[in-house]
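Peer 1: Give me the fold of what follows.
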Amino acid sequence: MSTALLDKGGNGANEKELTVAIKTAYRKGDAAESKKLHEEKQTTYASQGYTFVQSEERHKGEIGEFMKSIIFGGLDGIITLFAIVASISGSESLSPAVVLVLGFSKLVGDGISMGLGDFLSEQAEIDFVKSERQREQWEFDNFQQGEVEEMMEIYQKKGISKEDAALILNTMAKYPKLFVDHMCMEELELNTKQLDDNPSKNGCITFASFLFFGSIPLLSYLVFYGSNVDSEWNWTFTMAIILTCITLFSMGA
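Peer 2: Take a look at the predicted model:
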């Protein structure tokens with residue numbers, strides 16, 4: 001066990017530190033270290049009285065789970081607002097105040113649209129998965145052997161022998177929820193874990209991400225508002241370009 005990862009209480013490594021260390025071992029290709037760290041992680045779980053599955057449930061809601069919404073909302077926000085800023089800044093007859101008014105109105109309006117769109121689309125997808133799973137559950141309850149045979153065909157197409165497929169699936173059929181979830185994934189390519197998603201939270205995160213990243217092209221106009229910094233060169237717009245490029249690079253890094 002790596003002593004560098006032990007906490008002050010001596011009760012094992014901090015979970016996040018262990019996770020980072022495991023990923024580092026993977027990147028280095030160090031199988032021995034990875035095995036040691038995984039064993040240490042299991043020991044940590046056991047000492048704290050919960051299983052690996054329970055630990056994964058505790059970590060739901062961390063930033064990685066909402067990365068899609070953050071990037072989706074942020075990318076749309078920053079590009080949309082930069083386009084607005086660029087089009088208005090090209091006109092000498094429009095003042096920075098107009099840029100701010102139009103920019104923030106666009107920011108709020110499109111942010112609401114993006115957040116609501118994310119919520120509705122994800123909710124519709126969850127409803128579809130739920131209805132398909134209910135249908136598969138009904139078919140399994142009323143014609144179990146037929147469903148098993150359908151899955152056997154899928155397994156055989158993957159190169160698994162008929163005998164092994166029968167053994168695996170007949171065993172799995174003893175656990176209806178597991179079998180139906182697995183069938184949805186293999187037969188319909190639907191992930192039933194989506195049923196646990198929170199469309200409202202994803203929609204709010206998309207909205208917040210759109211507002212945060214979308215406001216970046218407007219920052220220079222807020223900072224230099226009322227000053228004469230643009231008397232010889234349009235430094236306000238230049239700063240907006242620089243800030244936007246840095247942010248886009250950071251999001252893609």
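Peer 1: From the rest of the structure, what touches the helix or strand L169 falls within?
Peer 2: Element membership for L169 (DSSP states H and E) is helix 162-172. For helix 162-172, contacts defined as Cβ atoms under 8 Å, 6 or more residues apart in numbering pick out 148, 151-152, 155-156, 160, 178-179, 182. The way it works is simple: take the backbone N, C-alpha and C, and place the C-beta from them, glycine included.
Peer 1: Next one: R133 from L102, what distance?
Peer 2: 46 Å (Cβ to Cβ, to the nearest Å).
Peer 1: Quick one: name whatever helix or strand follows the helix holding L169.
Peer 2: Downstream of helix 162-172, the first helix or strand assigned by DSSP H and E is helix 176-187.
Peer 1: Name the residues of that following helix that are buried.
Peer 2: 179-184 (16 or more other Cβ atoms under 10 Å).
Peer 1: Now pLDDT and distance to I112 too, for those, in CSV please.
Peer 2: Putting those into CSV (pLDDT from 0 to 100; distance: Cβ to Cβ, whole Å) gives the following:
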residue, pLDDT, distance to I112
F179, 94, 42
V180, 94, 38
D181, 94, 35
H182, 94, 39
M183, 92, 39
C184, 93, 33
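Peer 1: List the buried residues for stretch 210-217?
Peer 2: Neighbour-count burial for stretch 210-217 [16+ other Cβ under 10 Å]: 210-217.
Peer 1: just stretch 154-162 next, same as before
Peer 2: Quick answer for stretch 154-162 (16+ other Cβ under 10 Å): 155, 160.
Peer 1: Using CSV, list the CA coordinates for it.
Peer 2: In CSV, the C-alpha atoms belonging to stretch 154-162 read as follows (Å, rounded to 0.1, in the frame of the first residue of the first chain):
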residue,chain,number,x,y,z
ILE,A,154,-27.4,-11.9,-30.7
TYR,A,155,-24.7,-13.6,-28.7
GLN,A,156,-24.0,-16.1,-31.5
LYS,A,157,-23.5,-13.2,-33.9
LYS,A,158,-20.8,-11.9,-31.5
GLY,A,159,-19.0,-15.2,-31.8
ILE,A,160,-20.2,-17.0,-28.7
SER,A,161,-21.2,-20.6,-29.1
LYS,A,162,-24.8,-21.7,-28.7
